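>>> Sharing a model that was predicted from the sequence below.
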Amino acid sequence: MTSLSTLKWVQQLIWVLVYGGLLTLVLGISVQRTDDALGWTLILGGALVALIGFALVYVRSRLDPDA
């Protein structure tokens, strides 16, 4: 059983990680045109952060709220 405040915190973290990661990934694609190394760093970092967010979607689906 998981408290409602914990579920709310996990849901907020999911949105921050997914959108922040995707925004960083797109920024990396844009930066890659002028600086290849920095662009790839941003792309890989953003993809990793977004992937963690997507993994947390699965974790959140497995948590049961308190009744």
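Ah, there it is. Just so we're clear, the structure is a prediction, and the values are computed from it rather than from any experiment. Numbering: from 1, shown residues only.
>>> Surely Leu56 touches Trp15?
No - look at Leu56 against Trp15 with CB atoms under 8 Å: they stay out of range, at 9.8 Å. All C-beta atoms are positioned from the backbone trio N, CA, C, and that covers glycine.
>>> The two - which one has more neighbours?
Set Leu56 next to Trp15 and count neighbours by other CB atoms under 10 Å: Leu56 wins out with 17 against 11.
>>> Leaving out the residues flanking it, which one is nearest to that one?
Ile14 (4.8 Å; CB to CB, 6 or more residues apart in numbering).
>>> So that neighbour sits against Gly53, correct?
Yes - judged on CB under 8 Å, Ile14 makes contact with Gly53 at a distance of 5.3 Å.
>>> Pull the contacting residues for the residue nearest to Leu56.
Applying CB atoms under 8 Å, 6 or more residues apart in numbering to Ile14 gives the contacts Gly53, Leu56, Val57, Arg60.
>>> Apply 6 Å and report the result again.
By CB atoms under 6 Å, 6 or more residues apart in numbering, the contact set of Ile14 is Gly53, Leu56, Val57.
>>> Compile the residues you listed into a markdown table and extend it with columns for secondary structure, distance to Asp64 and pLDDT.
Below are the contacts of Ile14 laid out as a markdown table (DSSP: H, G, I helix; E, B strand; the rest coil; distance: CB to CB, whole Å; pLDDT from 0 to 100):
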| residue | secondary structure | distance to Asp64 | pLDDT |
| --- | --- | --- | --- |
| Gly53 | helix | 21 | 98 |
| Leu56 | helix | 16 | 97 |
| Val57 | helix | 16 | 96 |
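>>> nearest to Thr24, of the residues you listed?
Of all these, Thr24 sits closest to Gly53, with 11.5 Å by CB to CB.
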